[in-house]
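S.K.: Build me a model:
(2 chains)
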Amino acid sequence: DQQVKQNSPSLSVQEGRISILNCDYTNSMFDYFLWYKKYPAEGPTFLISISSIKDKNEDGRFTVFLNKSAKHLSLHIVPSQPGDSAVYFCAASDGGATNKLIFGTGTLLAVQP
Amino acid sequence: KAGVTQTPRYLIKTRGQQVTLSCSPISGHRSVSWYQQTPGQGLQFLFEYFSETQRNKGNFPGRFSGRQFSNSRSEMNVSTLELGDSALYLCASSLQPIGGSYNEQFFGPGTRLTVL
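M.R.: Reported below is the predicted structural model:
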């Protein structure tokens, strides 16, 4: 049972435009959400996170939006750059004394110059 | 500060063999988690260790096991390898888990295991 879903396996965007990556979850106990970026042959690197008590978090070109009623979050990248081309993973934590993360299957973002 | 290191980076084994992967966390990090990444499945949680104790375990068969040493280094072992165990195995380290607070996890580059 996939508790965190990224329904778009890939996304192609022109440089300078907005990239929107989506993520849905089913477990209402999740209280923290994260986005990781992964290049080939490297481990995932943390990008941005959001607590369930917030609906928006912004860091430079990256903004994450959380809609708890819809159990949906999205990552906006503006403006998109060719160096943003990577696989993006959405992940969730249900808190408690654990660092366990539940990951989505990832979305491959390609930013065309 | 050195990042998370994993050895070996690449490994080829045959069905039925066993394998041991190693992870050295960032200095000062005492929590180590392991994940398996396969195409189409994303990253799936294997287990988490803190202070040499397994704190959490994912939905994997008993062939997958791990341990953590007093210096926080961790190993995971897969016995009786199957073709489906071919994957990228990622280790992540973080500060100790604290109830109600999430600590950022830093991932290593992974070990690519191929089972023939």
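S.K.: and residue 35, how many neighbours?
M.R.: All of this is about chain A. When neighbours are defined as other C-beta atoms under 10 Å in any protein chain shown, A:W35 has 23 of them. C-beta coordinates here come from the backbone N, C-alpha and C atoms, glycine included.
S.K.: Chain B is the one I meant
M.R.: B:Y35: 26 neighbours (other C-beta under 10 Å).
S.K.: contacting residues for the residue of chain A found nearest chain B?
M.R.: Nearest residue of chain A to chain B: A:G43, at 3.2 Å (C-beta to the nearest C-beta). Residues counted as contacts of A:G43 (C-beta atoms under 8 Å, 6 or more residues apart in numbering or on different chains) are B:4, B:90, B:92, B:107-110.
S.K.: what does chain B put close to chain A?
M.R.: Residues of chain B lying close to chain A (C-beta under 8 Å from any C-beta of the partner chain) are B:4, B:31, B:33, B:35, B:40-45, B:48, B:55-56, B:58, B:90, B:92, B:94, B:97-100, B:102-110.
S.K.: just to revisit the earlier point, which of the contacts of A:G43 lies closest to chain A?
M.R.: Using C-beta to the nearest C-beta, B:F107 comes nearest to chain A of these, at 3.2 Å.
S.K.: so the closest one makes contact with A:K37?
M.R.: No: look at B:F107 against A:K37 with C-beta atoms under 8 Å: they stay out of range, at 10.8 Å.
S.K.: shared neighbours, those two?
M.R.: Joint contacts of B:F107 and A:K37 (C-beta under 8 Å, 6+ apart) are A:44-45.
S.K.: that older thread, next, give me the two most distant ones among the contacts of A:G43.
M.R.: B:A92 and B:P109 (11.4 Å; C-beta to C-beta).
S.K.: the more surrounded of the two?
M.R.: Neighbour count, other C-beta under 10 Å: between B:A92 and B:P109, B:A92 has more, with 27 against 16.
S.K.: ok, now which ones touch that one?
M.R.: A:43, A:99, B:4, B:32-35, B:105-108.
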